[in-house]
Structures are given as structure tokens and as C-alpha cells.
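[1] Make a model of this:
(chains A and B)
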Amino acid sequence: MTLDDIDRELLRSVALNADQSTTQLGQKLGLSQPATWRRLRRLQDAGVISGRRLVLDAEKVGFGVTVFLGVKLATKGRISLEDFERAVSAIPEVQSVEHVLGLYDYRLRVVARDLADFERVLRRRVMTLPGVGNVEANVLLSEERRPGPL
Amino acid sequence: MLDDVDRRILRLLQADPAQPVPELASATGMTAARVTRRLDRLRADGVLMPSQAVIDWRALGFTVEVSLRVTLDKTVPRAFDDFLSAARQVRAVIEIQTFLGRVDVRLSLIARDLPDYQRIYREEILTLPHIADIEALMTVARLKYDESLPL
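    Numbers count the residues shown, from 1 in each chain, chains lettered A, B, ... in the order given. Next comes the predicted model:
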């Protein structure tokens, strides 16, 4: 799908705040409400906007620690990737699971109440996963999303 | 602090952020006015922030996503600040995270294809200041990505 400048501005705007009404968005972009609605609809239909993400202050709701884990599988070939993926995706503290190519096989984003809670999740849930091998942990200090090539 | 009612509302919203207040009200057995008051308070307290549209870069032709794990030269006092402000100028970067651990900074980078990635990597990434080491992980598939919290 090809975008024009107004589409790009619209995407930048909803990527920061998707709660805005089409009227508010239209005012910003100098478009009528129906025209804004049509553009948003087109972006959704094309799958460019694939959904909406609720943003919570993790710390304020009691999750003070976010850790990224690089996981290497120990017995590749012998255990099924599907088994590992199913089990890891079912852990509530695991927010995202990516299959990657490189130093690790999977990249996990894990939230915990504090470091002690993280240790519990790591020992009881992650280290007991089928086929799990070497695990590297990095504690998240800050994060920002960028508009990207829009 | 959150109480059980707050948690229930937030759980419902995490599952579907576009859910209108009347739906939340009937799901929680509360009046719409009470749900609205709760939401207003959660927003005022900074717990609930504006929701964000999720952009599928693949649908825009960016088929390659790479995670760059960067170690910085910490002997330079301003290494972090210099690196971060330069990394913000790279348009292909969609996420910047800093860490405590073996990795200092991670950049999420998208590209149209491998030649495009190679060009960005050589011309825009390797020229960033104070890099001591850099490792690349290529994303093959994303299996879970809702980033919801276990409330």
C-alpha cells in the first residue's frame, strides 16, 4: 500500500494516541471528519493499522521490573519448537515472545513485581520450560517508541 | 493503589482497548457513570495512558526486522547520551531500550529487504558514536506480542 503525506501524519498521530476522535484528528490534519474516517478505514482494511494497544504505567500497577531474556534451546532437533512456544506463551508474566535468528533462539519480555518476583518467574517458570538451555537476562531501564520511517 | 474493580476494568480494556463504556459497564455490573469516574481517575493518576495504534510494518513493505544489541564504550563519559541522541535520528529505528546487563542499548530496526538493511546498517548504524560491540538478532516470527500485564 502506498501512503501520501496525510496518511503518514495520520499514522504518526494515532501511533501516539489512538483515543482521539476522527473529528479531533481531522482538525489536526485539515480534513473533514468523513474524509479522516475513510482514510483510517483504508489503513485498517489494508492491515497497516493492525490493532490497538492499551498503555498502562507498569510501575503504577505494581510491575516494577521488566526483563528481556535471550533464550537458547539446549536440545535443538530433539524437542519440538511448538512445545516450547506453547509453554512459554502461556506464562502470564511473559509479555512477548519472538523467534529470532542469531545468538539466541527466542527473545522474551518478562514483567515482575520486583527482582525477587522475577527470580521466582525465572526459576519456576522459565528454567523449567521444555528444552530451555542458556538464558541471558537484561533488566530494562528505559524505553521509547520512535515514529520510524513514516 | 488499584483495587479489584480497577483491575477488572483494566483487564477488560487490555483485551480490547476500543471497548466503549456501556460495554465495560455491563461486563462489570456497574453503571456507566461509575465506570467513567473510574477511568477518569485512572487517567488522572497516570495509570492509564492514551492507547496507541499498532502499525504493521510488513503491510507497508518493511519485511525485515532486526534487533541490534549494542555495547557502548563506557570510558567515554557521555557515551549513552551521545549514542541515544544520534540513534533517534535514524529513521529506520522504531524502538530504543536501555538495559542493565551485558547489553547497554537495544535498537529495533526495520528495513524493506536485506540490501536495504545492509545499507542502513553500514551507513547509519555503524557510524553511531561510542559503539564497543554490536550483535544482531533477526526476528523470524512474533508469537506473542500483546504486551498485556498479568493484572
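[2] Outside of the helix or strand hosting A:Arg53 itself, which residues are in contact with it?
    Assessed by DSSP states H and E, A:Arg53 sits inside strand A:49-56. Surrounding strand A:49-56, the residues in contact under the criterion C-beta atoms under 8 Å, 6 or more residues apart in numbering or on different chains are A:11, A:14, A:18, A:40, A:43, B:10, B:13-14, B:17-18, B:47-56, B:59, B:146-149. In this view, the C-beta of every residue, glycine as well, is placed from N, C-alpha and C.
[3] Strand partners (parallel or antiparallel) of whatever helix or strand comes next after that strand?
    If you walk from strand A:49-56 toward the C-terminus, the next helix or strand you reach (DSSP H and E) is strand A:65-73. Strands flanking strand A:65-73 in the sheet, each with its direction: strand A:106-112 (antiparallel), strand A:132-145 (antiparallel) (DSSP bridges).
[4] and the angle from the strand holding A:Arg53 to strand A:132-145?
    For strand A:49-56 and strand A:132-145, the angle between their directions (axes from the mean of the first three to the mean of the last three C-alpha atoms, to 10 degrees) works out to 90 degrees.
[5] Return the residues in contact with A:Asp19.
    When contacts are taken as C-beta under 8 Å, 6+ apart, A:Asp19 is in contact with B:Pro50, B:Ser51.
[6] care to break the chain down by domain?
    You didn't say which chain, so I picked chain A. Dividing chain A into domains by automatic domain parsing, as the record does, gives the ranges A:5-45, A:65-139.
[7] Sorry, I should have been clearer: chain B.
    Residue ranges for the structural domains of chain B, counted by automatic domain parsing, are given in the record as B:4-44, B:57-138.
[8] hang on, the earlier thing: in helices only, show me the contacts of strand A:49-56.
    By the criterion of DSSP state H, membership of the contacts of strand A:49-56 in helices covers A:Leu11, A:Val14, A:Leu40, A:Leu43, B:Leu10, B:Leu13, B:Gln14.
[9] Can you give me the first-to-last residue distance of stretch B:114-130?
    Distance across stretch B:114-130, first residue to last, is 25 Å (C-alpha to C-alpha, to the nearest Å).
[10] Turn the strands paired with strand A:65-73 into TSV, including mean pLDDT.
    Putting these into TSV (pLDDT from 0 to 100) gives the following:
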stretch	mean pLDDT
strand A:106-112	96
strand A:132-145	94
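[11] looking at these, which is buried most?
    Comparing the strands paired with strand A:65-73 by mean neighbour count (mean count of other C-beta atoms under 10 Å in any protein chain shown), strand A:106-112 ranks first with a mean of 22.
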